[in-house]
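Participant: any chance you can model this:
(one chain, ligands or ions: 1)
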Amino acid sequence: MTLNTSIKVIEQKTKMSQTNTKIQTIHTPVLLQEVLDTLKPLKGERYLDLTAGYGGHAGEVYARTSAAMTLVDRDDNAISVLSKKFQGQVGGHGDVTLLHSDFLQACRDLVQEQQTYSCILVDLGVSSPHLDKAERGFSLKSDGPLDMRMDTSQELTAEYVVNHYSDERLANILQIYGEEPKARRMAQAIVAARPINTTTELANIAKRIWPGHSKVHPATRLFQAIRIEVNNELGQLEEALPLMVQLLQPGGRLGIISFHSLEDRIVKQFLKQRAGDTYDAEMELVNKKPLTASKNELVTNPRARSAKLRVAKRK
Ligand SMILES: C[S@@+](CC[C@H](N)C(=O)[O-])C[C@H]1O[C@@H](n2cnc3c(N)ncnc32)[C@H](O)[C@@H]1O
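Facilitator: Numbers count the residues shown, from 1 in each chain. Next comes the predicted model:
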């Protein structure tokens, strides 16, 4: 067996800490079979994964195709895991390039370099390790600092949003990014409770505003809103989508997995414009309706519950 995969880690923003990164690899890729069935990666093709995470999808694509792959993630822990996972890959003829970057910047750079790909995958949102590690501050179930940054070198944290934004700005975020019915009241309660230091303190504010039992945790919408703001998740997606199309070769496939209606709406509307029924549309839809998880998948991976996969092909 030969070692012929060259791993090139390009750190665009920070110096990655190799020494004190405690690696957490537990993330089960969602809709894996559906991704393979619709993106149909083939041997010799070029694969771009803009949210490569822990390499669940990418690893399977590589195992089938030995494709030349560019794997992007803004989280340095994910990049560390990917560099270990693909270090010493054997038997392929493809290169693996890792980019530690947000996907908007990565798309800009790749467009500038005139790179093109046969398959592009975007599996949005956070990974299981983000939610499982209390110190990342994403989880409303375990106590942690108010962080919520996917890229820990970024300046804006949840702590800043929660303790420094005006109540009006907070209310807007809660309304738009959280679709929180009691946005204004919640924003005022946050301002009144400052300083707020931990995820538990923040979650308790939502609990006081929504007393009693409900199926979803009362702070779910609040946490979603703050997380989207901290990571500019919707802005990244809106700006990067047109660049993704530019990065597709003729016949290339773009797959996007979203986890909530705000993301899915952006993807759906974009694809409606670009893959409409007109003769001059640049793309065509591979699946008219989004694909969702099978019952079997939901048994083993409840995180797939809200996942929707939309795929379109460049003409
Ligand atoms: C759902 S996980 C992807 C999991 C991956 N498909 C796998 O199978 O392991 C989402 C990943 O995307 C990354 N991410 C989210 N938004 C990003 C962005 N705008 N730019 C770059 N990476 C992003 C997160 O850090 C996370 O690792």
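
Participant: alpha carbons only for contacts and neighbour counts from here, please
Facilitator: Will do.

Participant: which residue ranges of the chain form helices?
Facilitator: 32-39, 56-65, 76-86, 103-112, 128-132, 158-164, 167-178, 183-193, 199-209, 220-231, 233-246, 261-274, 295-300 (DSSP state H).

Participant: could you tell me the least trusted of the ones you listed?
Facilitator: Mean pLDDT values for these show the minimum at helix 128-132, a mean of 88.

Participant: hmm, back to that, could you dump the helices of the chain to CSV with distance to the ligand and mean neighbour count?
Facilitator: Shown next, in CSV, are those (distance: least, Cα to the nearest ligand atom, whole Å; neighbours: other Cα atoms under 10 Å):
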stretch, distance to the ligand, mean neighbour count
helix 32-39, 8, 17
helix 56-65, 3, 19
helix 76-86, 6, 22
helix 103-112, 4, 18
helix 128-132, 7, 18
helix 158-164, 16, 19
helix 167-178, 15, 20
helix 183-193, 25, 18
helix 199-209, 19, 19
helix 220-231, 7, 22
helix 233-246, 5, 17
helix 261-274, 11, 16
helix 295-300, 14, 12
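
Participant: want to throw those into TSV with distance to residue 288?
Facilitator: Converted to TSV, the helices of the chain look like this (distance: least, Cα to Cα, whole Å):
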stretch	distance to residue 288
helix 32-39	12
helix 56-65	22
helix 76-86	32
helix 103-112	26
helix 128-132	29
helix 158-164	37
helix 167-178	26
helix 183-193	34
helix 199-209	38
helix 220-231	27
helix 233-246	18
helix 261-274	10
helix 295-300	21
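
Participant: separation between residue 299 and residue 305?
Facilitator: Distance of residue 299 to residue 305, given as Cα to Cα, to the nearest Å: 10 Å.

Participant: with residue 279 instead?
Facilitator: The gap separating residue 279 from residue 305 is 36 Å, by Cα to Cα.

Participant: need the contact list for residue 194.
Facilitator: Contacts for residue 194 (Cα atoms under 8 Å, 6 or more residues apart in numbering) come out as residue 163.

Participant: same check, this time on residue 152
Facilitator: So residue 152 contacts 75, 76 (Cα under 8 Å, 6+ apart).

Participant: give the burial count for the nearest residue to residue 151 once chain neighbours are set aside, as a bare number.
Facilitator: In space, residue 151 comes closest to residue 75 once its chain neighbours are excluded; the distance is 4.7 Å by Cα to Cα, 6 or more residues apart in numbering. Using other Cα atoms under 10 Å, residue 75 has 23 neighbouring residues.

Participant: what about the closest residue to residue 50 other than its chain neighbours, how many residues close to it?
Facilitator: Using Cα to Cα, 6+ apart and skipping the chain neighbours, the partner closest in space to residue 50 is residue 72 (4.7 Å). By the criterion of other Cα under 10 Å, residue 72 has 27 neighbours.

Participant: outside of stretch 239-251, which residues touch it?
Facilitator: 103-104, 107-108, 110-111, 114-120, 254, 270, 313-315.

Participant: taking the centroid of this protein, which residue is nearest it?
Facilitator: Nearest residue to the geometric centre of the chain (Cα atoms, centre = their mean): residue 124, 2.7 Å.

Participant: residue 259 is in contact with that one, correct?
Facilitator: Yes - if you go by Cα atoms under 8 Å, residue 124 and residue 259 touch, sitting 7.0 Å apart.

Participant: how about the residue of the stretch 101-250 of the chain found nearest the ligand: what's its closest non-neighbour residue?
Facilitator: Taking Cα to the nearest ligand atom as the measure, the point where the stretch 101-250 of the chain comes nearest the ligand is residue 102, at 3.3 Å. In this structure, residue 102 finds its nearest non-sequential neighbour in residue 74, 4.7 Å apart by Cα to Cα, 6+ apart.
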